[in-house]
Structure formats: structure tokens, C-alpha cells
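Asks: okay, predicted coordinates and the sequence, questions at the end:
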Amino acid sequence: MESMSDTVILSSKTSMAPSFSIRSVTVFRDDFNHFDKSHYRIEVDATGGGNGEFQIYTPEHQNLYTANGYLYIKPWNAKAMSNGVNHGITQITSALHWGTDRAHKRSNHNERQSNGGDWHSWHTYSLEWTAQHIICPVDNHEILRVNTPSNGFWEAGNFSGTNIWGDNKNAPFDQPFRVLLNVAVAGLGFFSDRYQYDTPKPWRNDSPHPKRDFWEKRNVWLPTWQGDYVAMLIDYIEMIQY
């Protein structure tokens with residue numbers, strides 16, 4: 001029995017309990033043998049994720065479900081070719097965004113090219129978060145490392161005024177965060193109109209109605225949105241506290 005308010009767990013000898021070691025404890029794991037929605041908050045909105053993206057997040061079963069031990073998120077694991085680089089296929093990026101609001105945002109960003117093959121298969125995406133650093137590895141290869149600034153993130157971000165985050169130099173990364181799983185579609189900040197793509201880009205960033213343009217040219221992309229192949233599949237989530 002589990003109480004969500006106090007997180008009290010009573011387990012029988014035959015049930016699975018959190019695994020312990022001298023150095024760590026697994027505080028959460030989901031293998032998606034079924035979809036327990038009580039562990040998640042499903043977003044429903046059409047705001048574009050703050051990046052002018054075109055997707056709408058819905059709770060519909062055809063867009064979000066479990067099957068065969070996987071979590072499926074549809075409709076589309078996006079791919080784009082720009083300047084000869086397949087983003088998400090032969091190139092992967094990682095970014096840490098932080099700031100006081102969207103108008104005052106700072107970012108750390110890095111990318112990695114695949115050594116043959118592509119990123120379009122099963123991989124282990126991780127986040128190592130300590131008081132000293134935040135590291136984002138993929139398959140144990142470090143993509144991004146952000147060391148905690150000696151003078152704190154507020155000073156490192158060169159924000160003006162009084163430090164609203166207080167004296168902790170790790171702030172704002174000194175509080176609980178959620179794991180966010182999503183599939184984004186298009187957007188106004190990632191795909192330049194100047195680049196050459198492997199398929200025609202169905203909108204322009206300077207258009208007064210880019211989302212409408214995207215939909216009206218659906219003959220370009222809609223044929224690729226078919227079946228389970230277009231879903232992003234997640235095998236498991238695991239959180240380990242040290």
C-alpha cells in the first residue's frame with residue numbers, strides 16, 4: 001500500500017521494494033509494464049513549449065500509452081537536416097536553461113556527433129546532478145557538463161538587481177525538479193530558413209502564420225506520421241539518490 005501524501009510504503013516479502021546499497025538508493029523506477037498515471041502529471045496545452053513549437057499536448061490514448069513494456073509518445077520523433085547535419089539522427093544536443101523568467105534566460109549548450117551510425121535507436125540518457133556539477137551523458141558519453149560557478153549562478157548569469165535566489169550558489173538548482181518527457185514538432189528558433197533540408201521546410205520563421213503554413217503543406221510531412229514507428233519509445237525511468 002502506498003500513500004501519496006506521506007509516501008509511506010508497506011511491502012510484503014514477495015513484492016518489489018526499493019533497492020539499497022551503501023552509497024545509493026533507487027527512489028523511483030518505472031518499467032512501463034502498465035501506465036500508472038498517478039506517478040505523472042500529463043500536460044494539456046498548445047503554448048508551443050516557449051519555443052514557438054507547433055505541437056499540442058493531449059491526454060488522448062492514441063498519443064500517450066504503454067505497450068510491450070514501453071511508453072509510447074506520439075506523433076513524431078522529429079528529424080531535420082540543416083547544413084548537412086541530421087539533428088537527432090547523427091547529431092545530439094544537450095542544454096541547461098536557467099534564469100529569472102523567459103525574458104531573462106541563460107543557457108549552456110553542447111552537441112556531439114555520432115561515430116558512425118546514428119542516434120536513432122536505443123540509448124541511455126542520464127542526468128548527474130550534484131552540488132558540484134550537472135552532467136548530461138548519453139550511453140555514458142558526456143555531452144554537457146556545467147560546473148557550479150564559484151560565485152553562483154546569479155553572478156554567472158550577470159543578472160542585475162538583488163539576488164532573488166538567496167545565498168546558495170547552486171540556486172536555482174537547489175530545489176526539486178521534475179523529469180519531463182515530450183516530443184516537440186517544428187518551432188521558430190531551431191530551423192533556419194537559410195539552410196538546405198532533405199525535404200522542403202513547410203513554413204518560414206518570418207511568416208505571420210507559420211502554424212497554418214505547416215498544416216496547409218501537410219502533404220510534405222503527413223505521409224511520414226504513420227503507425228507506431230513515429231512514436232518516441234521509453235523503456236524505463238530510474239532515479240537514484242546518492
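Replies: All right, it came through fine. Bear in mind the structure is a predicted one, so any value in this text is a computation, not a measurement. Numbering: from 1, shown residues only.

Asks: quick check: phi and psi on Pro210?
Replies: Main-chain dihedrals, Pro210, degrees, to the nearest 10: phi -60, psi -30.

Asks: OK, contacts around it?
Replies: Counting by Cβ atoms under 8 Å, 6 or more residues apart in numbering, Pro210 makes contact with Gly52, Phe54, Ala186, Leu188, Trp203, Arg204. Backbone N, C-alpha and C define where each C-beta goes, glycine included.

Asks: switch the cut-off to 6 Å
Replies: Applying Cβ atoms under 6 Å, 6 or more residues apart in numbering to Pro210 gives the contacts Trp203.

Asks: swap in Glu238?
Replies: Here Glu238 is in contact with Arg29 (Cβ under 6 Å, 6+ apart).

Asks: please apply the same query to the one 4 residues further on.
Replies: Shown in contact with Tyr242 (Cβ under 6 Å, 6+ apart): Arg23, Ser24.

Asks: got it, and Leu233?
Replies: Tyr70.

Asks: can you tell me the SS state at it?
Replies: At Leu233, secondary structure determined by DSSP: H, G, I helix; E, B strand; the rest coil is strand.

Asks: one more: Gly99?
Replies: Under three-state DSSP, Gly99 falls in the strand class.

Asks: same thing with Leu96?
Replies: Under the three-state scheme (three-state DSSP), Leu96 adopts strand.

Asks: I figured it was touching Asn108, is that so?
Replies: Yes - using Cβ atoms under 6 Å, Leu96 is in contact with Asn108, at 4.5 Å.

Asks: show me whatever sits in contact with both of these two.
Replies: Val146.

Asks: what's the burial count for Lys211?
Replies: 17 (other Cβ atoms under 10 Å).

Asks: which SSE is Phe28 in?
Replies: Per DSSP states H and E, Phe28 falls inside strand 25-30.

Asks: go through whatever helix or strand comes next after that strand and flag the buried ones.
Replies: Reading on from strand 25-30 to the C-terminus, the next helix or strand found by DSSP H and E is strand 64-67. Neighbour counts over strand 64-67 (16 or more other Cβ atoms under 10 Å) mark Leu64, Tyr65, Thr66 as buried.

Asks: and the first one, bridged to which residues?
Replies: With DSSP bridges applied, the residues forming beta bridges to Leu64 are Ile73.

Asks: pLDDT score assigned to it?
Replies: Note on Leu64: pLDDT of 92.

Asks: distance of it relative to Met232?
Replies: Note on Leu64: its distance to Met232, by Cβ to Cβ, to the nearest Å, is 11 Å.

Asks: got any residues that touch both of these two?
Replies: Counting by Cβ under 6 Å, 6+ apart, nothing touches both Leu64 and Met232.

Asks: what sits against Val146?
Replies: Here Val146 is in contact with Leu96, Asn108, Ile134 (Cβ under 6 Å, 6+ apart).

Asks: for the first one, grab the count of nearby residues.
Replies: Residues near Leu96, counting by other Cβ under 10 Å, number 17.

Asks: one more: the last one?
Replies: Look at Ile134: counted by other Cβ under 10 Å, it has 18 neighbours.

Asks: what's the answer for the second one, then?
Replies: Using other Cβ under 10 Å, Asn108 has 16 other residues around it.

Asks: quick one: it is in a helix?
Replies: No - Asn108 is assigned strand when assessed by three-state DSSP, not a helix.

Asks: distance check, it against Asp174.
Replies: Asn108 sits 17 Å away from Asp174, going by Cβ to Cβ.

Asks: how about the last one?
Replies: Counting by Cβ to Cβ, the gap from Ile134 to Asp174 is 12 Å.
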